[in-house]
Structure formats: C-alpha cells, structure tokens
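Student: I'll drop the sequence and a predicted model, then ask my questions.
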Amino acid sequence: MSASPDGGQYSGLSDQSSEIPCSGGESSKHVSLLELEVCTGTNEVKSRAVVKYCAAPPPTSYALLQEQTDLKLPPANWLRENPQLGSAGTTVLGSSSKSKPFSSFGMAYDFIDNIGDDVDVVSDSENIKKLLKIPYSKSHVSMAVHRVGRTLLLDELDIQELFMRSSQTGDWTWLKEFYQRLIDQKWQRKKKSKEHWYQKAILSKFLYYSINGDAAAERLPDNEGEEESGAEEFSPSWPATFPSTPSDSEESAGLRNDFVRNIMWTFEDIHMLVGSNMPIFGGGRYPAVSLRLRDNNKPINILTGIDYWLDNLMCNVPELVMCFHVNGIVQKYEMIKTEDIPDLDNSTFSTRVVKDIAQNILSFLKSNCTKEGHTYWLFKASGSDIVKLYDLTTLCEEAEEEKYQNPFTLPVAVLLYKVASNMMLKARQNRKHYGTVRTLLLNCVKLLDQERHPQIIASAHYMLSELFQLDEPPEADSDGSLRAGSEDSYSDEEEGEEEEEEELAEDDSDTSSSDAAGDSKAIAVIRSVGELSVPEKYKSTHQIRPSYAFPVSQDKEERCRHVLSYVLEGLKAVDGSIKKESDLPAADPNTPIPLKYEERVAPVEKGITLLLEIGQKHATRSGIIPGTWQHRIKQQLFLKASKAYYVLSDAATNLLKYGRALRYIKLALQCHDAYCAVSSVLPPRVLLFHTECLSLCGDIQLMLAQNANNRAAYLEEYSYQTKEDQEILHSLHRESGCQAFNMATDLATDPEYQLIVSSKCYEASYELLTAEVVKEQGAQQLGQVLKRLGNIRNEMGVFYMNQAAAVQTEKEGRSSVSVPEQELWKKSFACFEKGMQDFHAIEDQTNTALLLCNTGRLMRICAQAHCALSTDQSRGEFSPEEALYYNKAIDYYLRAMKALATRGSHPLVWDSVTWELSTTYFTLATLLQDYAPLSRKAQQQIEQEVTDAMMKSLRYCDLQTESARQPLYQYRAATIHHRLASMYHSCFRNQVGDEHVRKQHRSLAELHYSKAVRLFLSLRDAPCELLRTLLERVAFAEFTMAGQSSSGAKLKSLTAALEVMMDTRHAFQLIHKELFESQREPMPSADGADGPSSSGLNLEEVMKLVGVFEASFSFLLLQLVKLLAATKRKPRAVSSRASVFNGK
C-alpha cells in the first residue's frame, strides 16, 4: 500500500502510467492487473480491474486552469482529434457520445476467448452505471439483453430512434404498436433541451483547456451549437442494413470496438468486460485522476456520486479532480479520493447496497434470459418503479414477423458462431464444453436464413458434426455447477447527468396505469425497484442450460447418423449457394441411385487396377472455384461424411452384417472420390484415412467370400438406402461420378472374385503407405496392412488348394495330372509364398509357421495326385513323385517348427505343425510299407526307410502333454508299433539264413507288439485294433512254436500264446459293452433296423476277428492237449491258467 498526497491509502496505484499501458491509437492488447479494495466506513466492496486493451497514450498531467477562465470561449485546439481524450473530446457534442446499439458485440468479437464461460456481463460502462442506479433514478431504462453461454451482452435499445426508423422502413411496427398499446399510449420523440447542449459544450471546452492550458480562446460561431444539436438528433446510430457476410456486417453495422479502454472488471464476484471512454490524466504527485466539471450552484446528488464512483472503480482511478464553475467561469479545484466519494455531502450512498443491487439484477437476468439467440428487452418507464423483461423474439414470432427483421439477429448469430468456434479449440482438450458448443451452434442456425447466410450455416453444421467422437463414446458434461450470483450479464444504457437530475423529480403518474396491463406479455417483472436493494432478494434458481447436456449415446450408428444429418444440412447450404444449377444433370434426390451388383470373374485383374488410381483428377461438375468458402467447406464435409460411413461400416462388420458393411464402405469411398474431385492435393492424414477405408473394404470382401451361404440376406442389406444417404449421394454426384471404387465395393457372387478384390484393396493400401508422403506417419498402420495381406494370401492359397483337392477327387481313375490342376497348385503356392514374405516383413513367426504348414499340406495334395495306378485301376507302387512331394512337405513342416522354435511361443500352432509332420511321416511310411516300390528298391532298403519314417512319426507323437489330440497321438503311436511289429513279424517269417538277423527281428516284433498292446489297452474306443494286435501276436507265438523241436520250448511258447489269449478278454468286454449300449438306445427308424451297427463298430470286421480268435484258440488248445499227452504229465502253471480261463 502506498500513501496518497493527503495521507489516505489505496492499493496498486503507485504509478498509474505504468499500470495502464497504452499505445496511441493502435489496436494492441495489454494485460495489466490492478486491484482496489474500497472501504467506506463500515462498508467495503472488492473491485479488481485488468486492462485488456488501451488505445490512449500514457496519462499526462492536466492543466490547472486559472480562476475566472471563461469556458464559454473555445480553446484553439477545440474539437481537434486528440488521443488523450479519444472519442470523448471530438464527439462529446455528437451522436457517438451515445452508447451504440451493438457496442457489446464489438467487444465480444475482440475478446472471444472470454465469452461464454469466463465473463458474466459484456457492456458499455455507461450501461452498467445506468443499471446500478435504477433504485435511485426515475429515468427510463431500455436495454437489449442477449445470452451467449453464461455471458450476457447488454446494449442500449433506443426505442425513440428505433420507432423513427420503423416509420420509414416498416420494420418493427408490431413492437411500436405493442409499446403504444401497453406502455406509452401517447408516445412522441423527446428533444434535448438547450441547457443540455450548453452543458455538453462547456464540458468539451473544459477538457480541451485541460490538455492545452495556454491555448488562446476563440469565440464559437452562433450557429455551431445548433448545427451540432441537429446533427445529434437526426444522425442515425442504428444501422440501416445488414450485409450478408460477417466481416462486412461488423464494419457497417457498428460492430467495431470503439472504446478507448476495454477492462475486465470484477465487482465482488461478478465478472464484467466493460468499455470505457473516460479521459484519464496523470503525472507528478497524481499518477491517475479523472476530471469532472461541476456547476458550483448545483450540489452533487446521489446519482452523480454513484456515477463518479463507478467510473473510477472500473478504470481503477484512485482520485477525482473536481473543477467548479459559475456560468462557465472557473472558480476552484477540489481533489477527492475514490473511496471518499460515497460519503460526500448530499451524495451519501452505501457501497454494499450498490453491490446488492448488482447481484440482484444479475440474478434476475440470469434466471429469466435463458434462451440463446433470443433478444430480451429490459424496460423501465420514466417515473415507474416497475422493471419488466420481455422476450422480443417470442413476441416477433407471435406477430408473424420474419426473424431477420430483428436488427440483432445477424450480430447475435455471428457472435454465437464465433464463440462456438473458439470453444471448439477448448473442447478438443476438455469435452465438458461440447454441450455448450452444440447449443450455441444450433441457436446460431435457427437465427439465420439459409439463402442469406449459407456460409455461416454450412460452417456451423460442419462444427456440429465435429462434436461427435466417432471412435469412442463422448463424455457427458458433468460439470453443471455455476457460480452463484455471477452467472449472467448486465444491461446497457447511457444518459446525461442533467437528465438524471431531472428524472429525480419527475412524476411517475404517466405510466403507472399501464404497468399492470403489460405484465401479461412480460416474462418477468420486478414489482418495485426498492427490492433490488435487499440483499439476495433475487436468487438464481433456474438452470441456465437445461438443454446443454451433450447427447451421449453408446451406439456408434446413432452418433454417425447425427454426424451425417449435420453434414447433409451443410451440403445443402453449400449447394444452395452455387449458382450454376442449370449446368448440372437432372437428378431427383428422392429417387434411389441403384447400387449395382453383378457377377464378374473374367476381367477382374484389369478392372481392379482402377483401385490404385487414388486421387485421380475429375472435373468438378458444380463449378466450384478452388479457394472459395464453398470449396473449403465441401472438402471438410465430404471428409467427415466419409469418416462417418467408415465407422458405420466397421460397426456393421462387428455385427456380422456384411451386406450393410459393404454398402457403408461404398458410400465412404464415394465420399472420398468426391473429396478428390474438389481437391488438388491430398494431405497425408486423408491418405492415411483412405488406407483404413481400403483395408476395411478388403476385410468385408473377405468375410463375404467366407460366408457365401448368407448371400441373400447380404444382398437385401446392401440394396437398402435411407433418404439421408440418397440425398448425400446426390450431393456427391454434383462433384464427381463416384465410380472410381465400384469394382472394389460391388457385391459379387463369385468367392474367387471377392478374394481377389480383397487382396487388391490391401495391395492398394500397402502402396499408399509405402509412398514417401505418408511413409513416416503410416509406419504403425503398415504392419497391420502387411498382416492383412499375409492373411488374404493365405486364404487365397487355401482356396486354390481346396479347388485342387476337389479336382483330384473328380479324376475318376485318371492317373495323369491335368493342366488345370497344375495351374491351381501354382496359384496356391504363389499365394503362400507371398503371404510368407508379408509375415516375414513384420517378423510374425507364428503366422509364417501357419503358412509353411499350409504349403506342406499343398505338397501332400500334390503327392496324392501323383499316385500311380496299375492297368486294372488298382493302386500301384509308391512312385518317386510321391516321395518327392512328401519329402517337400516334411521340409516345410520342419521349417515351420524352426520358425516357432519352441512350443511355448504358440502352443496351438506348435501342436498343429507337429501333428501334420507326424501324419506326413506316418503316411509316407504306410505307403512305403503297403505299396513297396520293390521294382526300384531292395526289400531291406524299403524296410529301413519304413522304420525310419515310422520312428520319426513316433517322435512327434506327444504322449505326455494332456490335450485334445492326446488320444489321437496314443492311437497313432499304437498303430505305428503295430505296423512295425507286423513288419518285423513278416521279416521273421520270411527271413532265411542269418540266424542273428532272425533273432533280432523276433525280439523287435515282440517289443513292438507289447508296446502296441499297452497303448491300445489305454484307449477305450479301439477294441478291434486291440483284438487284431493280440491275435497277430498269438500267430507270432504259433509260428515261433512251429520252429521249435523240444517239448519244453514248445510248451513255453504255447503257455505264452495262451497268456496273450487271456488279454483278449478286455477287448471282448469293450466290444460287448458297446454293442449292448447301442441295442438299448431307441432307434429313429420305424422298422428298428440298423440297431447294433449304429454303435460305430464294424460288425463285419468284428465277426471276422471272432472267427480268427476261435480258430486260433482251438488250435492252441489242441496243440496243448497233444503236447501234454505226449509228455504224460501236466505242468502246474499250464493247469492253473487253463482253469482260470475256463472259469471266465
């Protein structure tokens, strides 16, 4: 705190010239923080000012006029432009001293960041003073109130001037009639008195003397004052017309910010952006003072005191210099501190009461001026204590007036648009603004006529579409709390001091009778101005923005439909502004444009190459000139529509609605085509989005190929069109033929064509992502596209492979490989190879292993196709071609396992590869064993190859890990052991000569038979295989016994054979159980046929094995009897086992 010249204290004003930075006449913004706490006795109010803009030079000291200076004589510099005085000097006699009807809009445009949320009131300082003096003044109040977000804009509504203009133009006649009928039945324009103009002239000359005290006095021409008076009375302060463009309207409609200072004033908890033209002087021991001229014969009244006090508070001036005169002759000067003004003689007032008045008026307006875009009229008649608030927009609608006849319509709409546009920047970081922005834009659109203002309407609809987040659900605006007592704005009015003094004594009898009658039309009424002095008399209980909650929807389709509806309205506004309608082809927007679907197979490759001609230049058919607003907005609308349709397509894909998905992606690509038609260069972000569209199109075509059975349902979805889609498509056709992507988005019937289209979409996306312009930004997306490319090539490879397999089954005994079959192999192999390259590029080892596995399967199909047939069409020997392809298959499977490295990397893929590898080895060994190429190889070589293949197959049979394939592995391992045992059994029977080799074959046969039996015993669904293995083992024992000579050895062999026969008991029990259960199950057929056979057992094979069992068992028993009869004794072991067997 620093001391004032006479010992008082005030804050923040030690150097006023440094606290209020100014630049002479230039538009520059300054942020200077000044705070002042005003204390008056027990009263205290908080005031804080931030100078946002100042067009005046730094304050200079004022000239102290000598006593007896005659102010009636003008100084030499009178009425010359002076930056120190600003408009206050040159226009003090002119109309500009009056508050302009759009002054708040000019300030709002300049400080758009503060509008809508940060500021409660925007107005001229004179209007603020007028409102706060309502309880003390009998003068009339007429102000226009507009809401923008939580900000109120207050402007003077000069009824007299408005009605003078109405009598000439015919506008607002309904308001004039309403005013005369309900408020002032004898309305007539009031003229200013000669005293008024005399006082104005004296003040003007005083200010010029104060900045130039040495200037010589000059006599004023006798008619000059009258000319100025007439000029003020008839000069129009209300705009005559409103141009259609916002920039022009700001200039010609008086929407410029003409104030010398714009100040952010916080009065208690009320935040106001005010404009002031008050001259400020400073220098020396008085850094900042305001100058006032007073008639020494007239005491300062309460209205004048409040006026001076509020001016100094708003401009943060700590002291007031009062110059007293008598009949224009200077008498003396007096210095008064700002905080002492409320305690002046004859002008005592309570600052707390002024604060209460401010808060009550704010709450009153806040609670009742709730609709953005509406023009409210705050009116108090002269001499009346009743303050009324009317909704002029509603009254205008009731009078069936066109909305653009309201002169505030365009400025309000433009301001709503500008505030929304500014808040959009904030909304990108904070979505709580979305609801406010949406309401502002919707109200802006309601106010405007599309034919007059298509640019604003189109831009507003585009911003509305931008509010909806298409990739995720938007967050609701949960912060609904507003500051109590500071949510709305103030009104705006200026009136001369002398008029106020006259109104203090004015009688209110002329309007009291009509007050009650006007209440029916008023939306709110203050019954007595005295209520405004009561603390918290009016509290804001009305929710400011009941409709500001942003519509939150979890449904993507609903959000996209909102976006498309706004895009369509924007396109209509743009199209309506283009004049070359006669040059366009005739089209009915209500007639659906057919979406063609036809079968294509032959020219697929040639036709799909059009897909790669991204951004090809098409002539604009509507005649839009590049660089115009129509051109720019159409670009953005087309792109937004494309994104909305993309999201719709993606959502439909997730719902498995592939026909609908294809229709939406077709519309998305058509929007992109139209965007290319009106764009000379495609920015990287557009190209990246286009790659996403192409990738999704490829996904949909792939799904359609895989779900060909539902084609009828997909066709119905694809053919449907909403009216909205038709109208958007109609607008697209104004710019482009939209044919570039037809090949990619047609609904075909051939799966091969759909797979090719899908592949080409991915290839086009890949080529775009590898282009230099988007290479860096699309690095992450490139990996996804390569994965899709690898997948589609795998699908195409499998498709051709399955076709080759189908051709093979239809050969009907033809041993030669056909040319079509070979072509299918080549296509399949080429696809697999390209797919492996794609996955290798992104180091996807799992999918690489899968493609290697599929290639191995292809090699096996090739091997099966080279199966040799003999002359009687029976299977011939195992051919070298078969061996070649089986070995190639094995090589691919081994490469797949190498790519996976371990089972832990991907267990499912690992198990699949090992199973296929084991199967290939097993098939190779089985064919070598069953169709041995004895014409080319020796028996021993073949046996060795079979053994090696079988053991390798056995190596990849995972018998330990519990999985769904474990029973299959066990069955295969048992079968391998059985086959090896049978082979060694055969070798043992046929081997002649080398006894060592025979013993080795015998031991190997015993070993594999025992392992096969043990594995078959662990399986409960292979009783026939178990029985066959046991019977072969018995036959092996019988053959061994036949070669023995001693009775003891034979007896031992017979005993072992009988023990094997005992093991067949488990197999017979399984067979019996299965047959019994199948007989108990009810048969679906009427005649009850196929009872036992339904068990899954091969009854013919079972009967055959039973016959072998009976013959073998009888033979063993007969041989045992013979042997025992010959030896005359019965061994104990044989006796005990025979008894057990007979007792079963």
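Tutor: Okay, I see it.

Student: Which residues does stretch 808-826 contact?
Tutor: If you take CB atoms under 8 Å, 6 or more residues apart in numbering as the criterion, stretch 808-826 is touched by 800-801, 803-804, 807, 858, 861-862, 864-869, 873. Yep, even glycine has a C-beta here, placed from its N, CA and C like the rest.

Student: what about burial for these, which qualify?
Tutor: Neighbour counting by 16 or more other CB atoms under 10 Å classes Tyr800, Met801, Gln803, Ala804, Val807, Leu858, Ile861, Cys862, Gln864, Ala865, His866, Cys867 among the contacts of stretch 808-826 as buried.

Student: Could you check how far the residue nearest to the spatial centre of the chain is from Asp258?
Tutor: The geometric centre of the chain, computed from its C-alpha atoms, lies nearest to Gln469 (CA atoms, centre = their mean), at 2.4 Å. To Asp258, Gln469 is 42 Å away according to CB to CB, to the nearest Å.

Student: which helix is the longest one in the chain?
Tutor: helix 1047-1080 (DSSP state H).

Student: which helices and strands sit right next to that helix?
Tutor: Where contact means 3 or more CB pairs under 8 Å, 6 or more residues apart in numbering; DSSP states H and E, helix 1047-1080 is packed against helix 995-1018, helix 1023-1042, helix 1099-1127, helix 1132-1142.

Student: Tell me what angle the second one forms with helix 995-1018.
Tutor: What it means is helix 1023-1042. Interaxial angle, helix 1023-1042 versus helix 995-1018 (axes from the mean of the first three to the mean of the last three CA atoms, to 10 degrees): 150 degrees.

Student: Show me what helix 1023-1042 is packed against.
Tutor: Other helices and strands packing on helix 1023-1042, by 3+ CB pairs under 8 Å, 6+ apart, are helix 966-990, helix 995-1018, helix 1047-1080, helix 1099-1127.

Student: Show me what the shortest one is in contact with.
Tutor: Which is helix 995-1018. The contact list for helix 995-1018 (CB under 8 Å, 6+ apart) reads 970-971, 973-975, 977-978, 980-981, 984-985, 987-988, 991, 1022, 1025-1026, 1029-1030, 1032-1033, 1036, 1040, 1063, 1066.

Student: burial measure for Lys1122, as a count.
Tutor: 12 (other CB atoms under 10 Å).

Student: Mean pLDDT and distance to Leu715 for the helices and strands packed on helix 1047-1080 - can I get that in a markdown table?
Tutor: Below are these laid out as a markdown table (pLDDT from 0 to 100; distance: least, CB to CB, whole Å):
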| stretch | mean pLDDT | distance to Leu715 |
| --- | --- | --- |
| helix 995-1018 | 83 | 53 |
| helix 1023-1042 | 78 | 50 |
| helix 1099-1127 | 76 | 49 |
| helix 1132-1142 | 50 | 71 |
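
Student: quick one, which of the ones you listed is packed in tightest?
Tutor: Sort these by mean neighbour count, taking mean count of other CB atoms under 10 Å, and helix 1023-1042 sits at the top with a mean of 21.

Student: Helix 1047-1080 and that one, what's the angle between them?
Tutor: Here the directions of helix 1023-1042 and helix 1047-1080 differ by 170 degrees (the same axes, to 10 degrees).

Student: can you map out the strands along the stretch 701-850 of the chain?
Tutor: Shown for the stretch 701-850 of the chain, no strands are assigned by DSSP state E, counting those that start in this stretch.

Student: just to revisit the earlier point, now the longest helix of the chain: mean pLDDT?
Tutor: Taken as a whole, helix 1047-1080 has an average pLDDT of 76.

Student: List the buried residues for that helix?
Tutor: 1050-1058, 1060-1061, 1063-1064, 1066-1068, 1070-1071, 1074-1075, 1078.

Student: Next one, pLDDT for Leu447 please.
Tutor: 85.

Student: Now do the same contact list for it.
Tutor: If you count contacts by CB under 8 Å, 6+ apart, Leu447 has them with Gly373, Lys403, Thr409, Leu410, Val412, Ala413, Leu416.

Student: now the residues you listed: which count as buried?
Tutor: Among these, those classed as buried by 16+ other CB under 10 Å are Gly373, Thr409, Leu410, Val412, Ala413, Leu416.

Student: quick one, phi psi at the first one?
Tutor: The phi and psi torsions at Gly373 (degrees, to the nearest 10) take the values phi 90, psi -20.

Student: ok, the nearest residue to it once chain neighbours are set aside - how many residues close by?
Tutor: Sequence neighbours aside, Asn443 is the residue nearest to Gly373 in space, at 3.7 Å (criterion: CB to CB, 6 or more residues apart in numbering). Residues near Asn443, counting by other CB under 10 Å, number 22.

Student: got the contact list for Asn443?
Tutor: Listed by CB under 8 Å, 6+ apart, the contact partners of Asn443 are Lys371, Glu372, Gly373, Leu416.

Student: The strand or helix carrying it: which residues count as buried?
Tutor: Applying DSSP states H and E as the criterion places Asn443 in helix 434-447. Of the residues in helix 434-447, 434-445, 447 count as buried by neighbour count, 16+ other CB under 10 Å.

Student: The stretch 1-150 of the chain: strands as residue ranges?
Tutor: Here the stretch 1-150 of the chain has its strands, by DSSP E, counting those that start in this stretch, at 2-3, 9-10, 29-40, 43-54, 121-124, 141-148.

Student: which stretch in these has the least confidence?
Tutor: Across those, strand 9-10 gives the lowest mean pLDDT, at a mean of 32.

Student: Report the distance from the host helix or strand of Glu557 to the chain centre.
Tutor: Taking DSSP H and E as the definition, Glu557 sits inside helix 556-577. On the basis of CA atoms, centre = their mean, to the nearest Å, helix 556-577 sits 16 Å off its chain's mean C-alpha point.

Student: Show me what that helix packs onto, helices and strands only.
Tutor: helix 454-466, helix 629-654, helix 723-732.

Student: coming back round to it: out of the contacts of stretch 808-826, which is nearest to Phe163?
Tutor: If you rank these by distance to Phe163 using CB to CB, Tyr800 comes first, at 86.7 Å.

Student: who touches the spatially closest residue to Asn710 that is not a sequence neighbour in this structure?
Tutor: Leaving out its chain neighbours, the residue that sits closest to Asn710 by CB to CB, 6+ apart is Tyr658, at 7.9 Å. Taking CB under 8 Å, 6+ apart, we find Tyr658 in contact with Ala652, Ile700, Met703, Leu704, Asn707, Asn710, Tyr714, Glu717.
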